[in-house]
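1. Structure, please.
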Amino acid sequence: MSIDRFKSMEVFVRVVELGSFTRAATALHLPKGRVTTIIQELETHLGARLLHRTTRRLSLTDDGMVYHQRAVAMLQEMNELEGALGHAVVTPAGRLRVDVPAATGRHMIAPALPEFFRRYPQIVLELGSSDRPVDLIAEGVDCVIRGGLVHDESLAARHLGELAVVTCAAPCYLQRHGTPATLADLDQHRFVNFFSAKTGRIFPFDFRRGDEAYEINRPHWVAANDADTYIAAAVAGMGLMQSPANRMIREHLASGRLVPVLPDWNAGTLPLVAMYPRNRHLTAKVRAFIEWAAEIFRAELAPPPLP
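-> So this is what the prediction gives:
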């Protein structure tokens, strides 16, 4: 019997990652019966049982644990080989599912897609736009772009750039409540707060100057967990905000719809990263998207030319 050993390894690793033939089939866009057949054929080829199957769960046999470890290593080696050989060997193609922050998808990624498809006409892109945490493996997502530090050791990350964080407010809010000149003045102000879509936790405002660093929490009239809504609330005069200086924020600052406050205090930066499962074979289409996204962010974050 001849089997596609590379494909079989990919399917086996995905079944182990997801703990389910059904979830693996969904993630791989294969019929469940085909996934089952591939694993059976792989076990026959190897002459060893790799998985214990019950009605409730899957678990690795001793042989399965050894094979899984080696399969993950071989897939990673193949990824490194493809990366070294580049596009001359592998043409990016097929379905690609990514998830990006809603504002990033709307204002940066989507407008630049014509150029992406001129380069990679054989890719079919499914673009999710959300600010919620995404379980890449369980949801069958190939990669995500997010702001912040990476705390999940199961994910590999590619740094795309840094966005300066600014403190600002609408002129109409400042006219009603005054412009704070010191951190102590913030006791008399309301914030437009941002909260985690995963935990509901309100993110504090950060202020740094030299060796001084403060986290400040203040009441809000409104809080949001979506960047566009968050910015819109601040523009409407609902309070002070702290936000990465993305395209929307820069446009509002340039037009005067938002005004910087407390400019002598630094609010830090937000790292932007592309993340993908560390143990999953990094295909040419995922690599192509990440490299293209890095170009987009470099152009977006480059300082304006001197007049």
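2. contacts for stretch 61-73?
-> Residues outside stretch 61-73 that contact it (CB atoms under 8 Å, 6 or more residues apart in numbering) are 9, 12, 13, 16, 46, 48, 49, 50, 51, 52, 60, 279. Heads up, the C-betas are built off the backbone N, CA and C, glycines and all.
3. Domain-wise, how is the chain divided?
-> Listed by automatic domain parsing, the domain ranges of the chain are 5-87, 91-307.
4. ok, of the ones you listed, where does mean pLDDT dip lowest?
-> Mean pLDDT is lowest for domain 5-87 out of these, coming in at a mean of 81.
5. Tell me how far that domain lies from the chain's centre.
-> Distance of domain 5-87 from the chain centroid (CA atoms, centre = their mean, to the nearest Å) equals 25 Å.
6. Quick check: the gap between the closest residue to residue 36 other than its chain neighbours and residue 284.
-> Counting by CB to CB, 6 or more residues apart in numbering, residue 36 lies nearest to residue 21, which is 5.6 Å off, once chain neighbours are set aside. Per CB to CB, to the nearest Å, residue 21 is found 27 Å from residue 284.
7. Kindly report the same for residue 152.
-> For residue 152, the distance to residue 284 - CB to CB - is 24 Å.
8. Need the domains of the chain in TSV (columns: mean neighbour count).
-> Listed next are the domains of the chain as TSV, based on neighbours: other CB atoms under 10 Å:
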stretch	mean neighbour count
domain 5-87	16
domain 91-307	16
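9. Widest-spaced pair of the contacts of stretch 61-73?
-> By the measure CB to CB, 49 and 279 form the most distant pair in these, at 21.9 Å.
10. what are the pairing partners of the lengthiest strand in the chain, and which direction each?
-> Taking DSSP state E as the criterion, the chain has its longest strand at strand 155-169. Partner strands for strand 155-169, per DSSP bridges, with pairing direction: strand 241-244 (antiparallel), strand 259-260 (antiparallel), strand 269-277 (antiparallel).
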